[in-house]
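Peer 1: any chance you can model this:
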Amino acid sequence: MSRKDPSRKDPSRKDPITVVITGASSGIGAATAEAFAAKGAHLVLAARNKGALDLVAERCRVAGGEALVVVTDVTDAAAVQALAVQARDHLGRIDLWFSNVGIGAVGKYHEVPMEAHRQVIEANLLGHMHDAHAVLPIFLAQKRGTFVNMISIGGFLAAPWAAAYAASKFGLRGFSEALRGEVSQYPHIHICDVYPTFVDTPAIAHAGNYTGGKTSVPPGVLDPRSVARAVVRLADRPRNTTAVGAPAAFMKITQFATPNLSAAMMNGFMGRYFAKADPVPVTGGNLFQPPEDDGAVDGGFRRPKQRRAGIAVAGAGAALLAGWLIARGKSPPARREGRPVSER
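Peer 2: Coordinates of the predicted model:
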């Protein structure tokens, strides 16, 4: 039975926001669940690992929210449809759906099994499409709702040694833009994209690893809670593009101006890193089954000095790119069109 009848609510009372989060069992998903809970939200949390979801849900209740756990594999379209119906019936409405599932397989493309590449696409691209396909009819019936698509800097900058991940994130960006066009006639339905840089979550440790070397992250990784705060802000102030950790304009200009150069530089870095990395066994990680140690927000990679170093590197990179464009007599594409480059 529905928790409340939205057609009979008291207009003088502001109801708690209702939120569905897929990929809620760790990292950004768990951090976002707790951030919404601190505002008294009513939540439906979905992922493959019930034990991890129960841990996150309990933290949400302690923080001041309500949370229902629904075990869901987003690669199963029917399961996602069932999740949407259950969430709507339980919450009475769905104000925001955070499509957050993300997995990865690290290794040279030809050395990673095709079933691993396929699973990354199934989860990271089709899983998000399943989410949207399930919740959009609900938003259209309500005449309002916000769909938040977690993409990452990988939607602009290709990631060698993670080719399927790059394909999924570039695909997600195109999918969101197309979807945004389809709902453009509905002023209260929003498709919002979030593009964080590297984030300190358990995801890198959970990824499929076909390199033979221990994975890590570059300096300056973000606190997952900073990304969570950006998602929570979208509930009140929806926007098409939100970048966290580096300006969206920098991501767009770099992808436009130097796509091959940046990918080649990253490939060289990855090759040098894994040549020196501590050896580890090849593993499929969480590609085909949930990890046993889920429930955590942090990955344990973050250090204050690394954060400052990352900011300095990003700033230097922006300056170098600007100088390169000026030297070649180019201007950013949006400026040539007569408008400033900015986040939408």
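
Peer 1: quick one: secondary structure of I191?
Peer 2: strand (DSSP: H, G, I helix; E, B strand; the rest coil).

Peer 1: I figured it hits F147, correct?
Peer 2: Yes: the pair I191 and F147 qualifies as a contact (CB atoms under 8 Å) at a distance of 5.2 Å. Yep, even glycine has a C-beta here, placed from its N, CA and C like the rest.

Peer 1: who touches both of those two?
Peer 2: L179 (CB atoms under 8 Å, 6 or more residues apart in numbering).

Peer 1: those two: who's more crowded?
Peer 2: Neighbours per residue (other CB atoms under 10 Å) separate I191 from F147, with F147 holding more: 27 against 24.

Peer 1: packing partners of the strand or helix carrying that one?
Peer 2: F147 belongs to strand 145-150 when assigned by DSSP states H and E. The contact analysis (3 or more CB pairs under 8 Å, 6 or more residues apart in numbering; DSSP states H and E) places strand 145-150 against strand 96-99, helix 127-142, helix 163-182, strand 189-196, helix 224-236.

Peer 1: try it again with 10 Å
Peer 2: Here strand 145-150 touches strand 18-22, helix 27-37, strand 96-99, helix 127-142, helix 163-182, strand 189-196, helix 224-236, going by 3 or more CB pairs under 10 Å, 6 or more residues apart in numbering; DSSP states H and E.

Peer 1: parallel or antiparallel, list what pairs with it.
Peer 2: Each strand paired with strand 145-150, and its direction, by DSSP bridges: strand 96-99 (parallel), strand 189-196 (parallel).

Peer 1: and the next element down the chain from the first one?
Peer 2: Where DSSP H and E defines the elements, the next helix or strand beyond strand 96-99 is strand 105-106.

Peer 1: what stretches of the chain score poorly on pLDDT?
Peer 2: Residue ranges of the chain with pLDDT under 70: 1-13, 247-259, 261-263, 265-270, 273-274, 304-344.

Peer 1: how does it look with 80?
Peer 2: By pLDDT under 80, the weakly predicted segments of the chain are 1-14, 215-220, 246-277, 292-294, 302-344.

Peer 1: OK, contacts around the spatially most central residue of it?
Peer 2: Geometric centre of the chain, nearest residue: M150, 2.5 Å, by CA atoms, centre = their mean. M150 makes contact with 21-23, 27-29, 32, 98-102, 124, 128, 169, 172, 192-196, 227, 231, according to CB atoms under 10 Å, 6 or more residues apart in numbering.

Peer 1: what bridges to it?
Peer 2: Beta-bridge partners of M150, as defined by DSSP bridges: V194.

Peer 1: relative to T242, how far out is M114?
Peer 2: Between M114 and T242 the computed distance is 33 Å (CB to CB, to the nearest Å).

Peer 1: of these two, which one has the most company?
Peer 2: T242 (22 against 10).

Peer 1: which residues does that one bridge with?
Peer 2: For T242, the beta-bridge partners are V194 (DSSP bridges).

Peer 1: isn't it right up against V227?
Peer 2: Yes: counting by CB atoms under 10 Å, T242 does reach V227; the two are 9.3 Å apart.

Peer 1: residues shared between the contacts of those two?
Peer 2: 194-196.

Peer 1: by neighbour count, which of those wins?
Peer 2: That'd be Y195 among the shared contacts of T242 and V227, by other CB under 10 Å, with 27 neighbours.

Peer 1: how far away is that residue from V231?
Peer 2: Taking CB to CB, one finds Y195 at 12 Å from V231.

Peer 1: skip the chain neighbours and tell me the closest residue to V69.
Peer 2: Spatial nearest neighbour of V69, excluding adjacent residues (CB to CB, 6 or more residues apart in numbering): L53 at 4.3 Å.

Peer 1: repeat that for K50.
Peer 2: Nearest residue to K50, sequence neighbours excluded (CB to CB, 6+ apart): V71, at 4.9 Å.

Peer 1: that neighbour: neighbour count?
Peer 2: 16.

Peer 1: list the beta-bridge partners for it.
Peer 2: A47.

Peer 1: ok, how many other residues are close to E66?
Peer 2: Burial of E66 is recorded as 18 neighbouring residues (other CB under 10 Å).

Peer 1: for K143, same thing?
Peer 2: With other CB under 10 Å as criterion, K143 counts 10.

Peer 1: that one contacts P137, correct?
Peer 2: No: contact criterion CB under 10 Å: K143 and P137 do not qualify, at 11.9 Å.
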